[in-house]
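Peer 1: sequence and predicted structure, then a few things I'm wondering about:
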Amino acid sequence: MAYAALVSLNQAIDMILNRDKYFLYAGEREKITSIRQHANDLISRLENFPERANRVETKIRDLANEAEYLIDEFMWERFRKGWFFFWLLKGMSTVIYELKLKRVRDEICSIAVNMMDDQLSDTPAASSSRLAARGKNDAVMGLDDDVLEIKRRLCGKSSKLEIIPIVGMGGIGKTTLARKAYDDPSTMDYFDIHVFVQVSQDYSEKEFLTNLLASIEYSIEQMSGQKCESGSRRYLGTDVRTEVHKSLKGRRYLIVMDDVWSTKAWDDVRCIFPDDNNGSRIILTTRLSDIAADVSSGSPLHQMKFMDEYHSWNLLKQKVFVNGEDCPPELEDTGKAIARDCSGLPLAVVLVAGILSTVDRTRASWEEIAKKVNTVADGQIDEILSLSYKHLPHHLRPCFLFMAAFPEDHTVRVSRLIKLWVAEGFLKGQSLEEKAEEYVEDLVKKSLVLVTSWKSNGKIKSCSLHDLVRNMCIRKGREEKFLLTDRYALINATAHRRISVGHNADVTRTSLVCRPTTHTILCFRTLGQSFLAFLLRFGLLRVLSVMRCKNMFIPHQLFELYHLKYLALGFTFVIPSAISNLHNLQTLIIGPKVRFSEQAPLSAYLPPEIWRMPQLRHLVCYDSFMLLDPNPADGPTPLPLENLQTLLFVRSFGCSKRIVQMLPNLKKMGLVYFEHMVHHLLHNLEDLHQLEKLKIIAQGLFCWEGRINPVFPSSLKKLTLDGGRLPWKDMSIVGGLPNLQVLKLYNGACDGDTWETADGEFQQLQYLLIWGSNLKDWNTESDHFPKLKRLVLNRCWNLTAIPNSIGDISTLEMVTVDAQNQSLMNSALEMLKEQRDYGNDEFQLYSINRRR
């Protein structure tokens with residue numbers, strides 16, 4: 001975890017160096033600048049030569065954490081005492097601080113120099129590839145359909161060479177599936193040559209090619225009974241690549257490349273496989289979906305799935321009772337519970353079955369295993385799962401381990417996860433949120449993170465960890481002193497920078513030990529008021545997230561946390577002017593995520609001091625707050641919030657020219673209106689030139705008719721209108737947006753019987769949702785929505801048919817309609833029939849029967 005510690009250290013240094021020139025005297029500035037330079041050198045080494053750092057990574061991590069602690073403490077003390085009194089009281093404590101800082105600097109410098117020397121003198125360690133041993137298959141229940149699908153593709157009609165990628169997380173059965181299809185008699189009869197070779201993480205091109213040639217020659221010998229000429233001379237300077245190509249030329253072959261970890265392994269050999277239009281096939285298994293997509297050349301990926309409880313139990317029985325014995329009735333319930341706790345992962349079931357095979361077949365023995373099944377299974381499977389972790393680049397490791405901070409089976413919103421990563425300092429450079437989004441996608445591609453839902457624009461909305469993967473994360477987090485998460489987290493918090501308090505944690509005040517090095521506290525259970533105040537004793541906190549609290553009063557100590565970057569409180573409270581004391585706050589999230597109430601107190605407002613928090617990046621108030629127009633007469637001159645990207649949800653937003661100019665880089669905005677007033681100057685929205693996502697919720701007496709229509713910025717990519725009854729005839733103000741990709745219209749967002757679109761409108765729109773509308777006639781042409789992919793129509797009771805021209809849109813992939821509207825459903829079914837008649841087997845039709 002050295003990489004994360006170094007990046008975080010550099011951010012702390014940048015913060016202190018960017019203060020005014022009188023903040024540090026020359027000696028301090030020189031030491032701190034020197035530390036930053038050496039930290040940058042070490043970051044570069046970790047990025048470019050990660051294997052060189054293994055033996056000193058723990059030392060680097062500890063030194064970086066210590067340096068950051070010293071700097072944070074320095075800033076904290078000066079903030080608390082004030083700059084003048086800090087210098088006035090400067091004495092022995094400052095001398096000790098300087099000595100510690102010098103020692104840390106010297107040690108970091110020494111490691112950086114030594115790593116430079118290693119880089120110049122060391123040579124990469126030799127790696128190896130191994131030939132897969134033939135042996136008895138590990139049967140896995142529930143793979144019958146998968147085997148049939150792979151066999152269908154293996155022996156299909158296509159004569160061209162086809163690559164069949166099988167992708168999924170470690171231990172899910174990729175190799176077993178490939179082996180079962182490979183060993184099937186019909187497969188063996190169909191191909192002239194059969195080769196099953198493991199590539200592995202320790203890949204060597206030379207060794208892989210040598211083993212591949214040996215396997216090909218062995219297969220030819222088995223089929224023909226004749227010894228290959230090249231077999232005796234393949235180590236005597238023979239061009240192995242040429243020999244592989246010659247051996248396969250003119251023959252129908254099946255090659256299985258098992259456990260591929262890099263595109264290089266495929267790039268090295270792809271050209272040696274001849275395509276003689278004779279139905280040859282290559283199966284490739286990998287944990288990494290980006291590799292599978294790269295090698296597939298347009299062929300569909302075969303994505304592995306977790307087993308259900310039925311197949312898990314059958315597999316467990318098959319492995320434990322190997323001689324056809326029946327499971328004793330008294331063990332069946334416990335056995336099913338054990339199988340269920342293996343979470344659908346075949347390898348976990350097999351490992352636990354091996355343990356059950358060694359204990360007495362008594363209820364007491366099995367119940368004892370059941371209590372420990374996660375620990376027992378994880379202890380052995382961790383070696384396999386940890387391969388994925390070890391293969392992660394350094395910049396992804398802290399992001400991955402951090403996900404274990406969320407409770408088991410917790411669905412994690414990617415938007416919140418990204419904000420936490422940024423506050424933690426896991427990312428460096430510019431465009432941090434965009435980079436973090438790429439990190440999430442990378443972790444998904446590596447089969448370590450599971451996608452639980454998708455956004456309408458095709459990006460990941462939420463994710464989670466498989467239970468076994470999460471347990472591995474927890475162990476790694478403890479080993480690295482990165483994260484402590486269990487019911488006794490705060491008892492054992494020694495030297496851990498991050499603490500997660502789960503739903504069932506024991507958090508009585510007497511059990512706590514306050515650690516000055518703690519930077520992050522995430523709490524997912526309800527806290528009492530006194531306990532919340534106690535948490536604030538962690539003076540160097542950067543991240544504080546408390547989901548629920550019995551008392552809504554906020555202790556004043558909260559606003560003394562100088563280093564706080566992320567504050568999320570899942571309850572509503574009055575925000576005091578002291579919020580501006582949080583000079584480094586980047587994210588402020590307030591309130592539970594609930595439906596807005598028209599009776600929300602109008603006095604709930606953000607104080608004007610919010611305009612003096614230039615580090616703010618995300619401001620989210622789920623219960624809706626009023627944001628007052630900045631007025632210089634009220635105090636110090638307000639500053640433009642140049643870093644603010646997210647502003648949700650602002651009640652009765654006036655949208656004056658002045659306030660819009662104070663938000664120059666806003667990307668995501670949510671507005672809430674209840675009252676019918678004409679002074680909301682929403683035509684000024686067009687001056688938010690960076691705005692990409694906008695949601696306007698109109699309830700109560702608010703409606704668009706009789707007021708100046710809004711003018712949306714041309715940068716807008718996603719627009720959600722909820723209520724407000726905008727006349728359909730005025731939808732041209734939306735249709736003309738040149739970059740709009742997603743449009744969602746909820747609960748009478750538009751009003752009237754007829755919607756007629758025009759040429760040149762909605763040219764980039766990919767997703768259209770109309771939910772709750774009195775629309776009766778929709779008149780449009782296919783070229784009005786030339787890029788539409790998904791259409792959702794629900795609770796549109798008066799709409800009896802989907803326009804025929806919608807079916808002519810070449811990009812259309814999916815239509816979802818309300819099953820209760822039979823006329824609309826019949827229209828959709830007719831569209832489905834037409835799509836099938838045209839040969840479009842990819843088109844999908846879904847029905848929904850639920851309320852929003």
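Peer 2: Alright, I've got the coordinates.
Peer 1: only the buried residues of stretch 272-286, if you could.
Peer 2: Neighbour counts over stretch 272-286 (16 or more other C-beta atoms under 10 Å) mark 272, 273, 274, 279, 280, 281, 282, 283, 284, 285, 286 as buried. (Each C-beta comes from the backbone N, C-alpha and C, glycine too.)
Peer 1: check what pLDDT the fourth one gets.
Peer 2: pLDDT, residue 279: 91.
Peer 1: that one touches residue 252, doesn't it?
Peer 2: Yes - at 5.5 Å, residue 279 counts as touching residue 252 under the criterion of C-beta atoms under 8 Å.
Peer 1: what sits in contact with each of these two?
Peer 2: The overlap between the contact sets of residue 279 and residue 252 (C-beta atoms under 8 Å, 6 or more residues apart in numbering) consists of residue 190.
Peer 1: if we can go back for a sec, give me the subset of the buried residues of stretch 272-286 lying in strands.
Peer 2: Among the buried residues of stretch 272-286, the members falling in strands (DSSP state E) are 281, 282, 283, 284, 285, 286.
Peer 1: now, which of the residues you listed sits nearest residue 44?
Peer 2: Set against residue 44, the nearest of these by C-beta to C-beta is residue 286 (29.1 Å).
Peer 1: and that closest one, how close does it get to residue 264?
Peer 2: Distance from residue 286 to residue 264, counting by C-beta to C-beta, to the nearest Å: 13 Å.
Peer 1: over to residue 382?
Peer 2: Using C-beta to C-beta, we find residue 382 at a distance of 27 Å from residue 264.
Peer 1: cool, and residue 463?
Peer 2: Taking C-beta to C-beta, one finds residue 463 at 28 Å from residue 264.
Peer 1: compare the two (neighbour count), which wins?
Peer 2: Neighbour totals were compared for residue 463 and residue 264, and residue 463 leads with 20 against 12 (other C-beta atoms under 10 Å).
Peer 1: isn't there a strand covering that one?
Peer 2: Yes - per DSSP: H, G, I helix; E, B strand; the rest coil, residue 463 lies within a strand segment.
Peer 1: check which residues of stretch 619-629 are buried.
Peer 2: Under the neighbour-count criterion of 16+ other C-beta under 10 Å, stretch 619-629 has 619, 620, 621, 622, 623, 624, 625, 626, 627 buried.
Peer 1: oh, I was asking about stretch 728-743
Peer 2: For stretch 728-743, the neighbour count (16+ other C-beta under 10 Å) marks 728, 731, 734, 735, 737, 740, 741, 742, 743 as buried.
Peer 1: show me where the stretch 451-600 of the chain has helices.
Peer 2: In the stretch 451-600 of the chain, helices defined by DSSP state H, counting those that start in this stretch lie at 467-479, 529-535, listed in chain order.
Peer 1: any idea which residue is closest to the centre of this structure?
Peer 2: In the chain, the centroid-proximal residue (C-alpha atoms, centre = their mean) is residue 440; its distance is 3.2 Å.
Peer 1: wouldn't it be in contact with residue 450 here?
Peer 2: No - applying C-beta under 8 Å as the test, residue 440 and residue 450 come out as separate, 11.5 Å apart.
Peer 1: now the common contact residues for these two.
Peer 2: Residues touching both residue 440 and residue 450 (C-beta under 8 Å, 6+ apart): residue 463.
Peer 1: by mean pLDDT, show me the worst of the helices of the stretch 451-600 of the chain.
Peer 2: Across these, helix 529-535 has the smallest mean pLDDT, namely a mean of 66.
Peer 1: average pLDDT across the longest strand anywhere in the chain?
Peer 2: Counting by DSSP E, the longest strand found in the chain is strand 618-627. On average, the pLDDT along strand 618-627 is 85.
Peer 1: what do you get for stretch 539-554?
Peer 2: Rounded mean pLDDT across stretch 539-554 is 78.
Peer 1: how about stretch 165-184?
Peer 2: Mean predicted lDDT for stretch 165-184 stands at 88.
Peer 1: quick one: mean pLDDT for stretch 842-852?
Peer 2: Averaged across stretch 842-852, the pLDDT comes to 67.
Peer 1: just stretch 809-824 next, same as before
Peer 2: The average pLDDT for stretch 809-824 rounds to 90.
Peer 1: the strands in the stretch 1-150 of the chain, which residues?
Peer 2: With DSSP state E, counting those that start in this stretch, there are no strands along the stretch 1-150 of the chain.
Peer 1: same check, this time on the stretch 201-350 of the chain
Peer 2: Counting by DSSP E, counting those that start in this stretch, the stretch 201-350 of the chain has strands at residues 253-260, 281-286, 302-303.
Peer 1: repeat for the stretch 651-800 of the chain
Peer 2: Under DSSP E, counting those that start in this stretch, the stretch 651-800 of the chain gives strands at 668-673, 693-698, 718-722, 726-727, 742-746, 750-751, 754-756, 767-771, 777-779, 790-794.
Peer 1: could I get these as a markdown table with distance to residue 316 and mean pLDDT?
Peer 2: Compiled in a markdown table, the strands of the stretch 651-800 of the chain are given as follows (distance: least, C-beta to C-beta, whole Å; pLDDT from 0 to 100):
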| stretch | distance to residue 316 | mean pLDDT |
| --- | --- | --- |
| strand 668-673 | 47 | 92 |
| strand 693-698 | 47 | 93 |
| strand 718-722 | 47 | 96 |
| strand 726-727 | 58 | 92 |
| strand 742-746 | 45 | 96 |
| strand 750-751 | 55 | 92 |
| strand 754-756 | 57 | 95 |
| strand 767-771 | 43 | 96 |
| strand 777-779 | 54 | 95 |
| strand 790-794 | 41 | 94 |
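Peer 1: so which of those comes closest to residue 199?
Peer 2: Proximity to residue 199 (C-beta to C-beta) singles out strand 790-794 among the strands of the stretch 651-800 of the chain, at 37.9 Å.
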